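> give me the fold of what follows.
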Amino acid sequence: MEVKEESKASFSTDPIIPHLKVVLRTLKDSILPVRLEYSTRMPIRIETYVMRYGRIHFYLAPRVQD
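Model (predicted):
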């Protein structure tokens with residue numbers, strides 16, 4: 001794990017987790033390690049490489065609170 005600066009954010013994973021599970025299960029034999037990147041007030045970026053196909057990126061926006 002590499003940390004460049006302290007950050008804090010809330011995310012609602014309900015909308016993306018079911019879709020992400022389907023994709024990752026389907027490609028499980030071809031997927032290389034998954035990389036997660038996030039920062040305060042920025043979307044989470046989930047990246048993985050799929051052998052012979054390229055990269056897949058998922059983005060999840062942070063929960064907005066007033």
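
> tell me, what residue is most central in this structure?
residue 46 (2.4 Å; Cα atoms, centre = their mean).

> and that one, how far is that from residue 25?
According to Cβ to Cβ, to the nearest Å, residue 46 stands 15 Å off from residue 25. From N, CA and C alone the C-beta is placed, and that goes for glycine too.

> ok, the helix or strand where residue 57 lies: who's next to it in the sheet?
Per DSSP states H and E, residue 57 falls inside strand 54-60. Next to strand 54-60 in the sheet, as set by DSSP bridges, lie strand 44-50 (antiparallel).

> list the buried ones in the strand it pairs with?
Across strand 44-50, burial judged by 16 or more other Cβ atoms under 10 Å covers 44, 46, 48.

> the last one and residue 19, how far apart?
Going back to what we said before, that points to residue 48. 14 Å.

> and what of the first one?
With distances defined as Cβ to Cβ, the gap from residue 44 to residue 19 amounts to 14 Å.

> one more: residue 12?
14 Å.

> got it, and residue 57?
Distance from residue 57 to residue 19, by Cβ to Cβ: 13 Å.

> try residue 53
Here residue 53 is placed at a distance of 18 Å from residue 19 (Cβ to Cβ).

> how about residue 4?
Going from residue 4 to residue 19 by Cβ to Cβ gives 29 Å.

> between those two, who's got more neighbours?
Higher neighbour count among residue 4 and residue 19: residue 19, with 10 against 7, using other Cβ atoms under 10 Å.

> surely the more buried one is in a helix?
Yes: assignment of residue 19 by DSSP: H, G, I helix; E, B strand; the rest coil places it within a helix.

> got the buried residues for the helix-or-strand element of the chain with minimal mean pLDDT?
When the helices and strands of the chain are scored by mean pLDDT, DSSP states H and E, helix 17-26 comes last with a mean of 76. The neighbour-count check on helix 17-26 (16+ other Cβ under 10 Å) flags residue 20 as buried.

> over to stretch 47-60?
For stretch 47-60, burial by neighbour count (16+ other Cβ under 10 Å) applies to 48, 56, 58, 60.
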